[in-house]
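Asks: pasting the structure only:
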């Protein structure tokens, strides 16, 4: 993984969901230079380290709404609804990945 991530790059990926600034799992994976499934596996293997509010799954309406706001989506045909990481969730992920 890349140890240095530019803050302006992170800022450009932040979205507001449920009134909270979050990053989607696919964007976190891109920042870390890994596949999304690796991020989600790390979460599954350490579920006790992610209390409520650290990470949540988007519901179908949120996902469709988000996709409709983006003209060119690099997300393609996701099979699962994405997860959203809060700042605390990102911090915890950084400690385990």
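Replies: Happy to help now that I have it. Fair warning: this is a prediction, and the values are worked out from it, not measured in the lab.

Asks: Mean confidence (pLDDT) on the biggest strand by length in the chain, please.
Replies: When the chain is parsed with DSSP state E, its longest strand is strand 20-24. Strand 20-24 shows a mean pLDDT of 96.

Asks: And the next helix or strand past it?
Replies: helix 25-32 (DSSP states H and E).

Asks: quick one: that next one to strand 20-24, angle?
Replies: Per axes from the mean of the first three to the mean of the last three C-alpha atoms, to 10 degrees, the angle that helix 25-32 makes with strand 20-24 is 70 degrees.

Asks: what's the next secondary structure element after helix 25-32?
Replies: Downstream of helix 25-32, the next assigned helix or strand under DSSP H and E is helix 36-45.

Asks: which helices and strands does that next one pack with?
Replies: helix 25-32, helix 87-96 (3 or more C-beta pairs under 8 Å, 6 or more residues apart in numbering; DSSP states H and E). Every C-beta, even on glycine, is put in place using the N, C-alpha and C of the backbone.

Asks: So which elements touch the first one?
Replies: In this case it means helix 25-32. Helices and strands touching helix 25-32, by 3+ C-beta pairs under 8 Å, 6+ apart, are helix 7-13, helix 36-45, strand 83-85.

Asks: again, but for the last one
Replies: Identification of packing neighbours for helix 87-96 by 3+ C-beta pairs under 8 Å, 6+ apart yields strand 20-24, helix 36-45.

Asks: looking at those, which is buried most?
Replies: When those are scored by mean count of other C-beta atoms under 10 Å, the highest mean neighbour count falls to strand 20-24 (a mean of 19).

Asks: strands paired with that one, and their directions?
Replies: Strand pairing for strand 20-24, determined by DSSP bridges: strand 15-17 (antiparallel), strand 83-85 (antiparallel).

Asks: I'd like to know which of these is closest to residue 48.
Replies: strand 83-85 (16.3 Å; C-beta to C-beta).

Asks: ok so, going back, let's have the helices and strands packed on helix 36-45 in JSON lines, adding distance to residue 46 and mean neighbour count.
Replies: Listed next are those as JSON lines, based on distance: least, C-beta to C-beta, whole Å; neighbours: other C-beta atoms under 10 Å:
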{"stretch": "helix 25-32", "distance to residue 46": "14", "mean neighbour count": "21"}
{"stretch": "helix 87-96", "distance to residue 46": "5", "mean neighbour count": "15"}
